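J.: Need the 3D shape of this:
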Amino acid sequence: MKTILHTKEFKTLYNAFDRLVCTKGYKTGQGKMYQVNVKQMLSWMEKRSIISVDQIRSAQLKEYLDHLITRPNKRFGGTLSVSTINHHLFSFRLFFEQLLDTGYCTEVVNVPRNLPRNYKHREALSEEEVKLLYKTADSNLERAVLSLSYGCGLRRSEIQDLNIASIVFSKGLLVAIGKGNKVRDVAMSETVIKDLKDYLFVERMDRIRSYKSGDDAFFLNGKGKRLSGDHINKTLKAVVERTGDMEMRKKKVSLHTMRHSIATHLVDRGMKMLDIREFLGHSELDTTSIYMYKRKRRNKHII
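T.: The predicted structure follows:
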């Protein structure tokens, strides 16, 4: 599908970049790949209501890099190669350097560093490994973290920002606020409901009594304030370490690993891609379809 820009500013800047690349004589051996890379990035920004380069920061480019890492390679299957992703990053540097040189921008936008040649995509845990994590968890907090990251497939930011009011136990639903403040309902299993209730009415209640906190945050720290995403991630890593499983430790498990794992397992169980997309809160089907590509590649290897 041909990429089309709708924002007047982005169109103008893209055309100027196109002229620069042609004038400088940059060659990639594949036509206008520098321009295509930049146009796709700007189009992705538009879909997230970013309509000016002044709104583009390093954080947005990091999110786009994450998108590139998981984006399917429609031509060859699998995901984009490291060299292709780094070519995208080089294109962005050219684009933002031009904006600085022409005075259109006065602030430097740091483009993410190139991926190392030996970069490996994050590995999903097996269902046996997930079961081991649940078995090893020895507190209500740890089980709640597992249930939100794996059982509900929430992003790290969604777990950190989760409030008590966002959980409707009577309906078995959890309201997650994802990227771009996109709201979605996530169904909770009986196991998830039990884990969240055990934490909410025991450990969290103890912390409220101690500090008389009025914070609506679901996860509270030792001072009765909202628990940071970094702390929640460390809670998960502590469980991984206690398993004593060296193979799992090598995978450098994070909250995103758990989300990646549940998505992979749902594909393996035959769930439709559109349902997985809704469950994960992906704005683009391409992001979800990476799991289907990986499943097909695994099955081909097995055969």
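J.: Listing request: residues of the protein with sub-threshold pLDDT.
T.: 1, 26-31, 74-78, 119-122, 209-214, 273-274, 282-303 (pLDDT under 70).
J.: Output stretch 85-104 as CSV, nothing but the C-alphas.
T.: The C-alpha coordinates for stretch 85-104 follow below in CSV (Å, rounded to 0.1, in the frame of the first residue of the first chain):
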residue,chain,number,x,y,z
ILE,A,85,16.3,-1.2,10.6
ASN,A,86,19.7,0.6,10.8
HIS,A,87,19.1,2.0,7.3
HIS,A,88,15.9,3.5,8.6
LEU,A,89,17.7,5.1,11.5
PHE,A,90,20.3,6.5,9.2
SER,A,91,17.5,8.0,7.1
PHE,A,92,16.0,9.7,10.2
ARG,A,93,19.4,11.2,11.1
LEU,A,94,19.7,12.7,7.6
PHE,A,95,16.2,14.1,7.9
PHE,A,96,16.6,15.7,11.3
GLU,A,97,20.1,17.1,10.4
GLN,A,98,18.5,18.8,7.4
LEU,A,99,15.9,20.4,9.7
LEU,A,100,18.7,21.7,11.9
ASP,A,101,20.8,22.9,8.9
THR,A,102,17.9,24.8,7.4
GLY,A,103,16.9,26.3,10.8
TYR,A,104,13.5,24.7,10.7
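J.: Buried residues in it, which are they?
T.: 85-92, 94-96, 98-99 (16 or more other CB atoms under 10 Å). In this view, the C-beta of every residue, glycine as well, is placed from N, C-alpha and C.
J.: Same question for stretch 8-15.
T.: Phe10, Leu13, Tyr14.
J.: same thing with stretch 184-201?
T.: Here stretch 184-201 shows Val186, Met188, Val192, Ile193, Asp195, Leu196, Asp198, Tyr199, Leu200 as buried, counting by 16+ other CB under 10 Å.
J.: my read: the third one touches Cys152, true?
T.: Yes: between Val192 and Cys152 there is a contact at 6.2 Å, judged by CB atoms under 8 Å.
J.: still on that earlier bit, quick one: which of the buried residues of stretch 85-104 is nearest to Ser139?
T.: Ser139 lies nearest to Ile85 out of the buried residues of stretch 85-104, by CB to CB, at 38.9 Å.
J.: Which helix or strand contains the closest residue to the closest one other than its chain neighbours?
T.: Distances taken as CB to CB, 6 or more residues apart in numbering put Leu68 closest to Ile85, at 5.1 Å, once the chain neighbours are dropped. Element membership of Leu68 [criterion: DSSP states H and E] is helix 58-70.
J.: Buried residues, that helix. List them.
T.: Gln60, Leu61, Tyr64, Leu65, His67, Leu68, Ile69, Thr70.
J.: Could you dump those into a markdown table with distance to His231 added?
T.: As requested, the buried residues of helix 58-70 are exported to a markdown table (distance: CB to CB, whole Å):
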| residue | distance to His231 |
| --- | --- |
| Gln60 | 25 |
| Leu61 | 26 |
| Tyr64 | 27 |
| Leu65 | 25 |
| His67 | 27 |
| Leu68 | 29 |
| Ile69 | 25 |
| Thr70 | 26 |
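J.: and which of those residues is nearest to Met246?
T.: Ile69 (25.7 Å).
J.: Now do the strand or helix carrying Asn37 and helix 58-70, the angle between them.
T.: Element membership of Asn37 [criterion: DSSP H and E] is helix 33-46. Calculated by axes from the mean of the first three to the mean of the last three CA atoms, to 10 degrees, helix 33-46 forms an angle of 110 degrees with helix 58-70.
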